[in-house]
Structures are given as C-alpha cells and as structure tokens.
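K.L.:
Below: sequence and its predicted model.
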Amino acid sequence: MNAQKNRFYKRLFEIIPGFLTWSTLISLILLAIFKPVLASIFVIAFDLYWVIRISYLTSLLLFAHRRLERAKGVDWLKKCDFAGDHDGLGYRNIYHAVLFPAYKEGLDILTASISALEHSNYPKDKIIVVLSVEARAGAQAQDNALMLKEKYKDKFFKFIATSHPDGIPGESRVKGANATWGAKVLKGFLDSEKIEYEHVVISCFDADTCVEREYFSCLAYHYLINPKRTHSSYQPIPVYNNNIWHARSIARILELGSSFMQMIETMRLEKFVTFSSHSMSFKTLVDVDYWPVDMISDDSVIYWRCFLYFNGDYSVIPMYVTVSMDVATGVTILETIAKQYRQKRRWAWGVENFPYLMLGFMENNNIPLTKKIRRAFHILESHYTWAVWAIIITFIAPLPIIFGGGLFARTAIGYNLPSVSAALFRVSLFTIFICIFVTMKLIPPRPDDVKPQKKLIMIAQWFISPLVAALLGSAPAVDAQTRLMLGKYMHFHITEKSRKKSN
Amino acid sequence: MIKGDKIFRMAGFYFSVLLFLIMLPILLSYSLGYKIDYKAFKIYKTGIIYINSQPSGASVLVNGKLYKDPTPAQIEELKPGTYKIEVKREGFYPWEGELIVEPNMATRADKIVLFPVTREMKILGKLDIADFAISDNNYLYYFTRSGLFKSATDGSGIKKISSYSSWPDKMNERKFSPDGDKILYFNNNTISVVYLNPENNVAKEKYEARVEEVLKSPDTIIGAFWYYDSGYIIAVTDKDVKVIELRGGMIRNIASLYRFSARPGSLYYDEKSDSLYFTDIKVESGLESKRHLYRLDLRRTFFDSLREFLLNKETGVERSKK
C-alpha cells in the first residue's frame, strides 16, 4: 500500500468510531425531538438489552471471582515443581524480567513496588529488575533510580537502572518508548549472560504495581505448561488496593469498575486483550520489535502487534492472581474528577488500536477473514458501547418525555415509558448488590487510620455508579473518539499517583 | 478455561439472547398498547385508563365490574370504546363518568375529588352579623350590630376592633385596599372606609380600627375602586366619576373627573393602566340598550397633575413607605 493510500485508510478508520458514536447520539436526540414514539421504542429496547447484558456480565463477574478465590489457596511454586520440564524448559531455568518504565514517581511508590518483588516466593536469583527512568524527569528521578539500585542490587539476579534519553528520532513522549528502551537494555544484558530469550518472561509494570506473593510462580506455571507459550500474553487481575481506603468514592467506583471489567474479560477469551500491567515471553517481544514507540495505548497495542505478527495465532492467558496499583485520586472532589477524567480518556484512547488493527488486517492476508471481522467488530463494539451506553441511559432516555409534548404524553408509550424504564432499572439494581459483595471480598482489610464507618461508604458508593459512569465513563470515551476523529491526537499524560501513608 | 465455566458462559449468552428476543416484543407491545392473543395469533390495539382520586384508595368499577386495584389505578389492555367508570369510597359521594379509550392512547382521569358525605358545620362567632369580609392576609372581619370584630379564618382568636355598628342594611361591595390597611364599602348613596391599621389612625382610640364615611352622594353609587396606592377612591355614580382623596385631615379633596351623557352600565377599573372601562346605556322608549364601551384614562386627568404635585410635596414620605 502506498503512503497516500495508507494515510487515507488510516484517517478513515480513525473517523469511524467517533462518527458512529456521534451519529448515534445526535440521531437519538433528533429522534426524541421529532419522533418521540420511535425514540421511546429505541429507549425501551436499549434498556432491556442493557439490563440483560449487565445481568449476564455480572454473572460472569461472579464466576471470575469464584476462580480468583479458588486460586488464592493454590501453591503455584509447588505446581511448577510438579509440572516438571516442558520442551526442555523447567521453572528453575525460567527468568522473570520485571520492567518498570518510570517518570517522576516518588521513591515511596517505587520502593513499595520493588519491595513487593522481594517478598514474592519465586527464587530471587531468577528475577531481573529493570528500572527505566525518563531522562527528562530530571536529576532527582535519576538519583532515586540509583539509590534503589544500590539498595536492591544484591536482592535479585540483576538490578538494572537505566535512563531513557529524550528525543530519539521516531519516538513520541509515550510510555511505550521508555519501555522499549528498557527492554533493549535488558536484551543487551541477556546477550552478555547468554540467556535464551524464550527462558525469560518479561512483565511490564506501571511504577505503582505491587505484585502478590505468588505472582511469579503462577506466571511461571502458566508459561511452563503452555505449549504456545511464546504465542501468548499473561494477564493478571489488576486491582487498585494500594490506596483504595484513602481514595474518594468516585475514583474507587471507577477503578473497581475497571477491575470488574477485567475479571469479566477473563471469562471471554475470544475478546481478551492485554491491559495495564501484564507479562509475555521476551522472545516474542524481541520478535515483534518491542512496543510501539509512538502510541499511547502500549498495553493493548502490543497484543495487536503480536496478533498480526503471528497471523492471528496469539492469545491472552488469564491468571487469577492480582497486581495492585494506585487509585488515581485527589485531595478535592474536583481534582479527583479531573484526574480520573484524564486517566479514563487515556484508556479510551485505546480506540487508536482500531485503525492500527484495520491497517494491519489490510496488509495481512494470512488471517482468516471471519477472524478479522470478528476481532474488528469486538474492538469497535467495545469502544462504541463504552462511549454511548451511559449517555443513552442517563441523558437520552428521558428526552422523549421532555420533548414529546402533550400529544405524546397521551399515547400509551408516552404514558408507559417512565414506568417501564423504572421497572427495568429496578431489575438491574441487583447487579449493584453483587458489585458490593465482590468489592468487599476484593479490597484489603481496613487500615487502622480509617474509621470503621467508611465500610458503609464502601457499600453506599455503588448507588451513585450510574451517574459516575455517565460522567467519567462515557464522556472521556466520547472525548477520545472525537479527538481521534478530528485528527487531534492525544499526547501521553501521566496520571499523578499520590499515596497517603498509613499510620 | 474450566469446562464447566465455558458451558455456563455459552448457556448464559444464548439464554440472554433468547430472553431479549422473547422479552422485547412483549415489552414493546405492552408499552405501545398492543395486546397479543396467543391463542388466536392476533394482535389488538388497546388503550389505557389511568384513574386517581383525592383521597386515593377508592374502588373503581369499569362498566359496573369492580377493578382489582383501588385508586390510583392503571386499567390496561382496554379495547377502544366508551367505558362507564365509577369511583367509590365509603363516606364519600361517588364519582362516575364516561371515558373514551382510544387505540394506543392513555386516558387520564387523575383529578377526581371525592367529597365527604357529611361535613361538620361550625358557627363562627355567635354575633348578629350584618356582613363579613376576608382579607388576603387571612383575617375574617365581622360587621356586626355590636361592632367590628376580627378573627383568623377558622374563627379562632376573635376580638373586637371597633365599636362602630351603624353598618348599612345592604353593603353593595367590600374591597380591601392594596396596602391591606383599609376596607371600603358602599351602598347606593354612601361610601365608607374602615381604617384597620392603628398606625394610620389620626386619633388613637380604644379600638384599633376606625370607620369613616367618605362620600354621601345624591346620585346613585354604582361602583367604587381603590386608586393610587390606596390613597384615593374612584367613585362612579350614575352621573359622574369622582375621585376622593383620603388624606388631608378634615379637608377632603373630591373632584368630579367626568360627567356621563347617559347612565353607565358595566364598569371595570384596570389598576395596571389606571383606566376605567364602562358602557353607557341610553334609555330609548322606556327600554334599556347598551351602546358603547368607553375607556377613561385617569392618568390624563387634571387629577394626575394634582397627584404629581402632592407627590413632589411628600416625596420623602411616599418613598420611605415603599
């Protein structure tokens, strides 16, 4: 495909998600004004679809939760031992490389993350830590990296602290560029030590990611027994437990919501895509030429890169162990909303994967057409639904009644619409109780400096979830899609993490 | 994936799809007012009647048949036509009416008031009442042969506010002034004013109210209106239109603004435009017939200048009152 054609199709695929979203929202508003009966029919059908959908998804959440609970009692290291050798690979010769692409995260945040590695039950002489700090983050960040290296260099097989230079040609200021730099430094070390790439599993973590004790054992086990180990990524359940008791309700709901979505996704493997902190074979990473250095959504686009490289023969293996991160929260509600909005918009910018994937599909003739259609539909549908559902349910559903006027109010559907919508909403309330149940199981014990009554807030917060979903769920997604549609590309904005110290 | 979970997931997914496909036509037909006859494979258009009453909880009879729910009740799946609806509750007069049900439409009868069968009658003040008036600020005034009394509207807190008792046998009208401080009343030849606010009394008397006759006219008085911030009264007799000034102590300014060429019929004084609307009646061969509608703009009379003059003199007082 020549460059001009490529540019044309890129723009076309960038426009499609935003166009679909805006067409839907504007059409529904116009329909509510000019054809309130038709709009009401749509609203009722959508409400029903949504109630059934969230009931189905909530049942998947319960199953995923059950699997997470079951996995808690498993001694993964023992299982690794019992698993023996597979294709000449045993857990004793599997190395874990943990890559932290960092910017200006404080020493407290990085220390907690590295300390969690130290406390894992996997042999430390098989763990390599790579701390890749942005050079533009300043001298303090570099000093911190060196301090951490000094502190932990004897605790692991190797602790590499490196500085990612700013302004390398072809790179944007994105996390993927820093991660790629760190991975290349790691490659140099592995080459010098003559360690085979297939024997190394690389985990690319956000700077605030704290693994649980069994993480690397669980990862090694899944890597070991998987005959297509290099054709898979390994996805833990991301939870936001580091500061959840100190975060604001709005932020908690959103982060718990994303944990729940990830748990649900583990039950839908055909749609499963890597998200946030995850792991993969280092060999695969080198084969696909690392992370893209000019895209924001490095966590998901690496999956699609592998998917295209292996002609569709690439999957994500769910692991029922958790990695814990920080809730993006602020001192005030407004600050929290702003932080959450920016973070969710960055996540929603994952819609850039759609044009990336479509262009990849156009150039790849080895992936079956049905698979291409299915995956393209999944990615488009997920971003489209993300952007429109909460806006339709919260803001568009009442419009036929507002704009319908007296004649519409006299029709049977005008009369029935509020009661039918309310009845469907009541049915969906049970999902909130399930969310409360899973929340209470998922969160860590209450710290001593948090008052007992905060447990009640943990429960009550779920009742504001529909409004929060509309404001901070759909709106950032519409924003991101609109920017992509208009060609106003986003730049990577690091969500500032701050943690209140427990007494 | 664990096999059992996969089976559950697939079963859940297809069940959800099936549930949606089954529920959607049911929900939409219900919402749109259609009824599906599964036995006859037919779809009917129906309508809804929504009934509510004050008080609620009343029984509803549709064409003589008791409906399962009391008010507020939503009667659904009614075939188009006219229905006789009765709303009954013990201790209240029943309501009945005919409501038309149109296809795919909702008929509302949600403002039905049921009146109690027995109402307690209460005697308010066992006084010899000539007449009474109720003010905007919820006071009841009793014009009695033993004086003027005042109470709350339910009759409580009754007290005498004036010993004046020479009320006319028939008061044609009673009007509270816009400032709420005075009541004017008139009969065929006199206009009187009751000053209710003691602060406005010239002389402090035993009782807080004072009654004063402001006009005795040889001509028949047919209307009287408050004018200009309750300081004046427009009096309309069968001969002319007069303005009576209530200020000035013993001296009272009374001016005739307009003389009618024929006896006026209907009267209306519009406060917003300070205009008097009236029809005059010309007597022809002993028969009365209305002729024209007139508008008298009181702002343009000489009295307007007088008012301005007085205002200029008393600006401080007027403004501080406002």
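P.N.:
Structure's in. What do you need? Numbers count the residues shown, from 1 in each chain, chains lettered A, B, ... in the order given.
K.L.:
Domain parsing of chain A, as residue ranges.
P.N.:
Under the assignment named as automatic domain parsing, the residue ranges that make up the domains of chain A are A:1-73+A:238-276+A:312-503, A:84-225.
K.L.:
Among those domains, which comes closest to residue B:101?
P.N.:
When these are ranked by proximity to residue B:101, the top entry is domain A:1-73+A:238-276+A:312-503, at 10.2 Å, counting by C-beta to C-beta. Backbone N, C-alpha and C define where each C-beta goes, glycine included.
K.L.:
now check the closest one, is it near chain B?
P.N.:
Yes - judged by C-beta under 8 Å from any C-beta of the partner chain, domain A:1-73+A:238-276+A:312-503 comes into contact with chain B at A:40-41, A:44-45, A:48-49, A:52-53, A:55-56, A:59-60, A:63, A:67, A:267-269, A:409-417, A:420.
K.L.:
now that domain: how far from the chain's centre is it?
P.N.:
Its chain's C-alpha centre lies 11 Å from the corresponding centre of domain A:1-73+A:238-276+A:312-503 when counted by C-alpha atoms, centre = their mean, to the nearest Å.
K.L.:
again, but for stretch B:178-198
P.N.:
On C-alpha atoms, centre = their mean, the centre of stretch B:178-198 falls 22 Å from that of its chain.
K.L.:
Tell me which residues of that stretch come out buried.
P.N.:
B:181-187, B:191-196 (16 or more other C-beta atoms under 10 Å in any protein chain shown).
K.L.:
before we move on, what about stretch A:381-389?
P.N.:
Going through stretch A:381-389 with 16+ other C-beta under 10 Å, the ones that come out buried are A:382-389.
K.L.:
Quick one: mean pLDDT over that stretch.
P.N.:
Here stretch A:381-389 scores 93 as its mean pLDDT.
K.L.:
okay, it in PDB with CA atoms only?
P.N.:
Once side chains and other backbone atoms are set aside, the C-alpha atoms of stretch A:381-389 remain, and they are given as PDB (Å, rounded to 0.1, in the frame of the first residue of the first chain):
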ATOM      1  CA  GLU A 381     -18.200  -2.500  19.500                       C
ATOM      2  CA  SER A 382     -16.400  -2.300  22.900                       C
ATOM      3  CA  HIS A 383     -15.300   1.300  22.300                       C
ATOM      4  CA  TYR A 384     -18.600   2.300  20.800                       C
ATOM      5  CA  THR A 385     -20.600   0.800  23.700                       C
ATOM      6  CA  TRP A 386     -18.200   2.400  26.200                       C
ATOM      7  CA  ALA A 387     -18.900   5.800  24.700                       C
ATOM      8  CA  VAL A 388     -22.700   5.700  24.300                       C
ATOM      9  CA  TRP A 389     -24.300   3.400  26.800                       C
END
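K.L.:
what does that stretch rub up against?
P.N.:
Under the criterion C-beta atoms under 8 Å, 6 or more residues apart in numbering or on different chains, residues A:17, A:20-21, A:24-25, A:50, A:271, A:348, A:350-351, A:354, A:473-474, A:477-478, A:481 lie in contact with stretch A:381-389.
K.L.:
what separates the residue of the stretch 51-200 of chain B at minimum distance from chain A from residue B:31, distance-wise?
P.N.:
Across the stretch 51-200 of chain B, no residue is closer to chain A than residue B:106, which sits at 3.6 Å (C-beta to the nearest C-beta). Relative to residue B:31, residue B:106 is positioned 11 Å away (C-beta to C-beta, to the nearest Å).
K.L.:
what do you get for residue B:267?
P.N.:
Here the distance between residue B:267 and residue B:31 works out to 56 Å (C-beta to C-beta).
K.L.:
More neighbours: these two, which one.
P.N.:
Each of residue B:267 and residue B:31 has its neighbours counted (other C-beta atoms under 10 Å in any protein chain shown); residue B:31 has more, 24 against 16.
K.L.:
how far does the longest helix along chain B sit from the chain's center?
P.N.:
Criterion DSSP state H: the longest helix present in chain B is helix B:3-32. When C-alpha coordinates are averaged (C-alpha atoms, centre = their mean), helix B:3-32 and its chain have centres 56 Å apart.
K.L.:
in that helix, what's buried?
P.N.:
Buried residues in helix B:3-32, defined by neighbour count with 16+ other C-beta under 10 Å: B:5, B:9, B:12, B:16, B:20, B:23-24, B:27-28, B:30-32.
K.L.:
so where's chain A uncertain?
P.N.:
A:1, A:492-503 (pLDDT under 70).
K.L.:
now the strands for it?
P.N.:
Along chain A, counting by DSSP state E, strands occupy A:95-102, A:127-134, A:158-164, A:200-204, A:210-211, A:232-239, A:278-281, A:315-324.
K.L.:
For chain B, which helix or strand comes out least confident on mean pLDDT?
P.N.:
Per-element confidence for chain B was summarised using mean pLDDT, DSSP states H and E. The lowest value among helices and strands belongs to helix B:315-321, with a mean of 37.
K.L.:
Let's verify the residue minimising distance to the centre of chain B: helix, strand, or coil?
P.N.:
A centroid search over chain B (C-alpha atoms, centre = their mean) returns residue B:136, at 11.4 Å, as the residue closest to the centre. Reducing the assignment at residue B:136 to three states with DSSP: H, G, I helix; E, B strand; the rest coil gives coil.
K.L.:
Residue B:175 is in contact with that one, correct?
P.N.:
No - with contact taken as C-beta atoms under 8 Å, residue B:136 and residue B:175 are classed as non-touching, separated by 11.4 Å.
K.L.:
Just the closest residue of the stretch 151-300 of chain B to chain A, please.
P.N.:
Proximity to chain A, evaluated over the stretch 151-300 of chain B using C-beta to the nearest C-beta, is greatest for residue B:272 at 30.9 Å.
K.L.:
pLDDT weak spots in chain B?
P.N.:
Applying pLDDT under 70 to chain B flags residues B:1-5, B:119, B:198-206, B:248-251, B:282-290, B:299-322.
K.L.:
Contacts only, for residue 230.
P.N.:
Defaulting to chain A. The neighbours of residue A:230, taking C-beta under 8 Å, 6+ apart as the test, are A:198, A:281, A:283-284, A:287.
K.L.:
look at chain B instead
P.N.:
Counting by C-beta under 8 Å, 6+ apart, residue B:230 touches B:177-179, B:181-182, B:246.
K.L.:
gap between the residue nearest to residue B:268 when sequence neighbours are not counted and residue A:6?
P.N.:
Nearest residue to residue B:268, sequence neighbours excluded (C-beta to C-beta, 6 or more residues apart in numbering or on different chains): residue B:277, at 4.5 Å. According to C-beta to C-beta, residue B:277 stands 82 Å off from residue A:6.
K.L.:
same deal with residue A:381?
P.N.:
Summarising the geometry, the distance separating residue A:381 from residue A:6, computed by C-beta to C-beta, is 25 Å.
K.L.:
For burial, what's the neighbour tally of the residue nearest to residue B:31 when sequence neighbours are not counted?
P.N.:
By the measure of C-beta to C-beta, 6+ apart, the closest residue to residue B:31 outside its immediate chain neighbours is residue A:416, 4.4 Å from it. Residue A:416 sits with 23 neighbouring residues when counted by other C-beta under 10 Å.
K.L.:
same thing with residue B:139?
P.N.:
So residue B:139, with other C-beta under 10 Å, has 17 neighbours.
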